[in-house]
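Visitor: Okay, sequence plus prediction incoming.
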Amino acid sequence: MTEPLPSIVVLISGGGSNLQAIIDATQVGRIRGKITAVISNKADAYGLERANKANIPTRILDHREYQDRESFDAALGDLIEEFQPSLIILAGFMRILTEDFVRRFEGRMLNIHPSLLPKYRGLHTHKRALEAGDDIHGASVHFVTPELDGGPAILQAEVPIIEGDTPESLASRVLEQEHVIYPLVASWFTDGRVRLDESGVVFDDKLLQQPLKLDQISE
Ligand code: GRF
């Protein structure tokens, strides 16, 4: 008998281009895993259509139907657990998460953030990088911990800022890199190559002193 593939649950709120990159990678076997559910807090998220096209079950959990953040997060956590995921992927899931929720899934929840963390946590990262006059911007895949965008980064892709860049032009080049680094880290996770322990991120049995950079790795 062949072993069942690890279950992956993806959380979205919007367009889901990162979700698409993960779907594509599972379909060609680059990620050893099966997306068992895509959950959105928004009924009109385009990512839900992407999931439908790939025959992946979808669920909508509208946060406006809950009294407070705690009760929404508790319901979301219960819904996620129905799919017994080895890995939970936040892919443009635009919600601040409670500490209880994060602790429930700590060590098996990843996020992608469009900046070279620890720079520019939160929103409008592209605009902020341009306003600061930075030469380099980028994206980070990190483990989720209770601090917003504060969990330890695993892999980063750098994107040079070029003359005439607008937040939009920069965002679209960063997004292209997101689609490279997110599936790669997901594959490392389900292959057991990366994990979170008390001291930080462990990759291939070595504690990372700093995040890996895409241009320095050979898979
Ligand atoms: C990406 O920029 C991601 O870094 C951020 O939200 C955006 C989601 O885009 N967390 P998409 O829905 O995956 O296209």
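Guide: Alright, I've got the coordinates. It should be emphasised that the depicted structure is a prediction, and the values quoted were computed from it without experimental measurement.
Visitor: Where does pLDDT dip in the chain?
Guide: Within the chain, the stretches with pLDDT under 70 are 1, 219.
Visitor: Let me see the contact set for residue 152.
Guide: If a contact means Cβ atoms under 8 Å, 6 or more residues apart in numbering, then residue 152 has 142, 143, 145, 196, 200, 201, 208, 211 as its contacts. Using the backbone N, CA and C atoms, a C-beta is placed for each residue, glycine as well.
Visitor: Tell me which residue of this protein lies closest to the ligand.
Guide: For the chain and the ligand, the shortest gap (Cβ to the nearest ligand atom) falls at residue 92, measuring 2.7 Å.
Visitor: How is the nearest residue to that residue once chain neighbours are set aside assigned, secondary-structure-wise?
Guide: Spatial nearest neighbour of residue 92, excluding adjacent residues (Cβ to Cβ, 6 or more residues apart in numbering): residue 14 at 4.9 Å. Following DSSP: H, G, I helix; E, B strand; the rest coil, we place residue 14 in the coil state.
Visitor: same deal with the one 5 residues further on?
Guide: Recorded secondary structure, residue 19: helix (three-state DSSP).
Visitor: thought the residue nearest to residue 92 was touching residue 47?
Guide: Yes. Contact criterion Cβ atoms under 8 Å: residue 14 and residue 47 qualify, at 6.5 Å.
Visitor: between the two, who's got more neighbours?
Guide: residue 47 (26 against 17; other Cβ atoms under 10 Å).
Visitor: and that one, what does it touch?
Guide: Taking Cβ under 8 Å, 6+ apart, we find residue 47 in contact with 12, 14, 15, 16, 19, 20, 38, 40, 91, 92.
Visitor: Likewise for residue 12?
Guide: Residue 12 sits next to 19, 38, 39, 40, 45, 47, 48, 91, 92, 93 when contact means Cβ under 8 Å, 6+ apart.
Visitor: All the strands of this protein, in order from the start?
Guide: 7-12, 34-40, 58-60, 87-90, 109-113, 136-143, 153-160, 194-197, 200-203, 206-207, 212-213 (DSSP state E).
Visitor: Reformat these into TSV and put distance to the ligand next to each item.
Guide: Rendered in TSV, the data for those read as follows (distance: least, Cβ to the nearest ligand atom, whole Å):
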stretch	distance to the ligand
strand 7-12	6
strand 34-40	10
strand 58-60	15
strand 87-90	7
strand 109-113	5
strand 136-143	6
strand 153-160	11
strand 194-197	19
strand 200-203	19
strand 206-207	26
strand 212-213	17
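Visitor: Take those strands and lay them out in a markdown table including distance to residue 103.
Guide: Output for the strands of the chain, formatted as a markdown table (distance: least, Cβ to Cβ, whole Å):
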| stretch | distance to residue 103 |
| --- | --- |
| strand 7-12 | 16 |
| strand 34-40 | 19 |
| strand 58-60 | 22 |
| strand 87-90 | 13 |
| strand 109-113 | 10 |
| strand 136-143 | 12 |
| strand 153-160 | 19 |
| strand 194-197 | 12 |
| strand 200-203 | 17 |
| strand 206-207 | 22 |
| strand 212-213 | 26 |
